[in-house]
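1. Got a predicted structure here, sequence first:
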There are 2 protein chains.
Amino acid sequence: MLHNSNSLTRLVGELKKLPGIGEKTACRLAFHLLKSQSNMIALADSLQDVSAKVGLCSICFSFTETDPCQICSGGRDESIICVVEDPSDLFAIERSGAFRGRYHVLHGVLSPLSGVTPADLKITELLERLKSDHVKEVVIATNFSVEGEATAIYLTGILRKLGIKATRLAHGIPIGSDLEYIDAATMQRALNGRSEL
Amino acid sequence: MLHNSNSLTRLVGELKKLPGIGEKTACRLAFHLLKSQSNMIALADSLQDVSAKVGLCSICFSFTETDPCQICSGGRDESIICVVEDPSDLFAIERSGAFRGRYHVLHGVLSPLSGVTPADLKITELLERLKSDHVKEVVIATNFSVEGEATAIYLTGILRKLGIKATRLAHGIPIGSDLEYIDAATMQRALNGRSEL
């Protein structure tokens, strides 16, 4: 499309690699950036800064600028570890402010069809932590997808052998939702998991 | 949200400045980029490359890596100039392959409410081109917004005084559209502009 500029074509190509951004949006973003050189340079600087500074925590494998990360070095409860698929899930749980333990990021879920085996995830590292730390409970907070559930079952098997309690986040109706719009599977889980008042 | 990384917070801030990208999407893009360092660095390089190489053509004021741009230096018909608001409009017209003349990018439209006057646009430069070149027709291809129409009327007044033919893109039904879904204003224009078979 941008027949007269190789660098612009390359920029559009790079933007198109981002999730949810197609050819048209990529072009729109590129033109927007061209209109403000200062924003373009600030974005480039910021990307290089993140690339240089942010790495994985050697304990929990979340993204961090310091190693170990603030959560691992912050005197949090060592007896409970929350296992998540991705760092973004960790941040979602942190936002709730309801968890005072530590985390472990798997960086993916088991998926035999895509060739993801336990060796591709940070599972060995999790088992190392379970050995050395005094961990009493592991909250398995993988997503409720087929792969997420399979990973949870796989981990539960290991934890049972080690005599460590394995828990899973509760299913139910999200706060603020209209019952009318709740899907049947969620409603079923909410009924099964009902609590006494 | 990303309480433990200043550089990541800054990257999310920069991404949020892009059109159509809010807090959540910016976070998603940042996490996506973190997962692939090579893509992050390629994007940063590409932004710096564009920032260093792409500038405005000194004749038509479109974005270009060479000055004058390929269109201005490419032996295109000098007797007809198409005036557009933004370089992205120029590229949209070029994609059609139906225009063999040259372009002039205004970099905006007249908008008294936002304080945009003729002096803020590349109008003086357009008048210079009309003096020196042997221009016979100017196609005013500003958008059909209130400001775009006002700019078209303003330019038409000037062109009339100079004795240069001013034309406007045709209104009508887009190719492939269902008549059922055409808005009333477009239908009215399509009827008024009907052609004999």
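-> Happy to help now that I have it.

2. can you give me the helices in chain A?
-> A:6-16, A:23-35, A:37-53, A:87-96, A:123-132, A:146-162, A:184-192 (DSSP state H).

3. tilt between the fifth one and helix A:146-162?
-> Compare the direction of helix A:123-132 with that of helix A:146-162 by axes from the mean of the first three to the mean of the last three C-alpha atoms, to 10 degrees and you get 30 degrees.

4. export helix A:123-132 as CSV, just CAs?
-> C-alpha atoms of helix A:123-132 as CSV (Å, rounded to 0.1, in the frame of the first residue of the first chain):
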residue,chain,number,x,y,z
ILE,A,123,6.8,-27.0,36.2
THR,A,124,10.3,-28.4,37.2
GLU,A,125,11.0,-25.0,38.8
LEU,A,126,7.6,-25.2,40.7
LEU,A,127,8.5,-28.7,42.0
GLU,A,128,11.9,-27.3,43.2
ARG,A,129,10.1,-24.5,45.1
LEU,A,130,7.7,-27.1,46.7
LYS,A,131,10.7,-29.1,47.9
SER,A,132,12.7,-26.2,49.5
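
5. could you give the mean pLDDT of that helix?
-> Per-region confidence: helix A:123-132 scores 90 on mean pLDDT.

6. Okay, now the unreliable bits of chain A?
-> Low-confidence segments of chain A (pLDDT under 70): A:1-4, A:133.

7. Let's see that with 80 instead.
-> Applying pLDDT under 80 to chain A flags residues A:1-5, A:132-133, A:196-197.

8. Pick out the residue nearest the middle of it.
-> By C-alpha atoms, centre = their mean, chain A has its centre lying nearest to residue A:86, at 2.1 Å.

9. contacting residues around the closest residue to residue A:160 other than its chain neighbours?
-> Spatial nearest neighbour of residue A:160, chain neighbours left out: residue A:166 (6.9 Å); criterion: C-beta to C-beta, 6 or more residues apart in numbering or on different chains. Every C-beta, even on glycine, is put in place using the N, C-alpha and C of the backbone. Residue A:166 makes contact with A:137, A:138, A:140, A:155, A:156, A:159, A:160, according to C-beta atoms under 8 Å, 6 or more residues apart in numbering or on different chains.

10. Could you give the number of residues near the fifth one?
-> Here the count is done by other C-beta atoms under 10 Å in any protein chain shown, and residue A:156 has 16 residues near it.

11. Looking at strand pairing, list the partners for the residue nearest to residue A:160.
-> For residue A:166, the beta-bridge partners are residue A:138 (DSSP bridges).

12. coming back round to it: do you know how far the residue nearest to the centre of chain A is from residue A:104?
-> 12 Å (C-beta to C-beta, to the nearest Å).

13. what does residue A:156 give?
-> Taken as C-beta to C-beta, the span from residue A:156 to residue A:104 is 15 Å.
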